[in-house]
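Novice: Whatever this is, show me its structure:
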Amino acid sequence: MLDAQELERYARHIVLREVGGPGQAKLKAARVLVVGAGGLGAPALMYLAAAGVGRIGIVDDDTVSLSNLQRQVIFSTGDVGAPKAERAGAAIARLNPHVALDVYNERLTAANALDLLAQYDVVADGSDNFATRYLVSDACYFAKKPLVAAALGVFDGTLTTIRAHERRADGTPNPSYRCVFPEPPPAGSIPACSEAGILGALPGILGSMMALEVIRAIVGFGEGLVGRLLMVDARDMRFETVNYGWDDNNPLSGRNPTIRDLSIHA
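Specialist: Coordinates of the predicted model:
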């Protein structure tokens, strides 16, 4: 049930035929875990909170640095040196007091991932390293949770939705993260953001789109990005989508899986 303040706050959602009162009620009842409060997580968190997601979990063990502020718009100069998860939570509380917050000032690991994921309906991964991305995607498969995953390059980014625990209408399994990205690139082959740089507005685009994909998954309208990889080229402002399918040889959800738990990430 939405109170009078919520009805006014979300009025522009409620008049949308695709959302309406029932859709806004779904958002209020939803629980979303956002992994990483950095470039992608910052805008995603703000828009999920503004949209009225009822409970948001933030997991990040990093602290705010001055170089973050060029793109991580949830923080201010006064936050430098403070834990990201805590300061992101404070910003959300200021934005929308109707949102319940769970702040995890810790790193997502093989030991805590399944317990954390069990408390939420949807997971949004805005992490900045391959180890965490593979951990999150594998954990979501075992926990049977939908995952919205985004990643960034210097001038490019990708976005997709993973529901590998479900099947298509024809009975074929949905693809996993490992179907489109079988294994991480060799260590050191892709420079870190601190070395290669990143265009500051790009994470804002991808993070906002990540929030939009989560909202669409909760409310249930439009065609999601399951089996589709959205690629954004900010240098030439191009958006392309490529389709990908289930790889029956993938080690997680293939016909003969070799990954049966999260011990591979320990």
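
Novice: from here on, contacts and neighbour counts on C-alpha atoms
Specialist: Noted.

Novice: For the strand or helix carrying Ala217, enumerate the helices and strands it packs against.
Specialist: According to DSSP states H and E, Ala217 maps onto helix 201-219. Packing partners of helix 201-219 (3 or more CA pairs under 8 Å, 6 or more residues apart in numbering; DSSP states H and E): helix 20-29, helix 41-51, strand 122-125, strand 147-152, strand 156-162.

Novice: repeat that for 10 Å
Specialist: helix 20-29, strand 31-35, helix 41-51, strand 122-125, strand 147-152, strand 156-162, strand 228-233 (3 or more CA pairs under 10 Å, 6 or more residues apart in numbering; DSSP states H and E).

Novice: Quickly list what the most centrally placed residue in the chain is bridged to.
Specialist: Among the residues of the chain, the one closest to the centroid is Ala124, at 1.9 Å (CA atoms, centre = their mean). Beta bridges link Ala124 to Val34, Val148 when assigned by DSSP bridges.

Novice: check contacts around it.
Specialist: 32-36, 40-41, 44-45, 58, 136, 146-150, 161, 207, 210-211, 213-214 (CA atoms under 10 Å, 6 or more residues apart in numbering).

Novice: Going through those residues, which ones are buried?
Specialist: 32-36, 40-41, 44-45, 58, 136, 146-150, 161, 207, 210-211, 213-214 (16 or more other CA atoms under 10 Å).

Novice: okay, and for this structure, where does confidence drop off?
Specialist: 188-195 (pLDDT under 70).

Novice: rewinding a little: what distance do you get for the residue nearest to the centre of the chain to Ala151?
Specialist: Going from Ala124 to Ala151 by CA to CA, to the nearest Å gives 11 Å.

Novice: Name the residues contacting each of these two.
Specialist: Common neighbours of Ala124 and Ala151 are listed as Leu40, Gly207 (criterion: CA under 10 Å, 6+ apart).

Novice: Pull the contacting residues for the residue nearest to Lys84 when sequence neighbours are not counted.
Specialist: Once flanking residues are discounted, Lys84 sits nearest to Thr63: 5.0 Å by CA to CA, 6 or more residues apart in numbering. The contact partners of Thr63, by CA under 10 Å, 6+ apart, come to Ala37, Gly38, Asp79, Val80, Gly81, Ala82, Pro83, Lys84, Ala85, Glu86, Arg87, Asn105.

Novice: Can you give me the end-to-end span of stretch 255-266?
Specialist: End-to-end for stretch 255-266, by CA to CA: 24 Å.

Novice: centre of the chain versus it, how much separation?
Specialist: 22 Å (CA atoms, centre = their mean, to the nearest Å).

Novice: Please apply the same query to stretch 35-45.
Specialist: In terms of CA atoms, centre = their mean, the centre of stretch 35-45 is found 8 Å from the chain centre.

Novice: Is Glu6 in a helix, a strand, or coil?
Specialist: helix (DSSP: H, G, I helix; E, B strand; the rest coil).

Novice: right, and it touches His98 too?
Specialist: Yes. With contact defined as CA atoms under 10 Å, Glu6 reaches His98; the gap is 8.1 Å.

Novice: Neighbour count for those two, which is higher?
Specialist: His98 (18 against 15; other CA atoms under 10 Å).

Novice: Contacts only, for that one.
Specialist: Gln5, Glu6, Lys28, Ala49, Ala50, Gly52, Val53, Gly54, Arg55, Ile92.

Novice: and those residues, which are buried?
Specialist: Lys28, Ala49, Ala50, Gly52, Val53, Gly54, Arg55, Ile92.

Novice: Thank you, goodbye.
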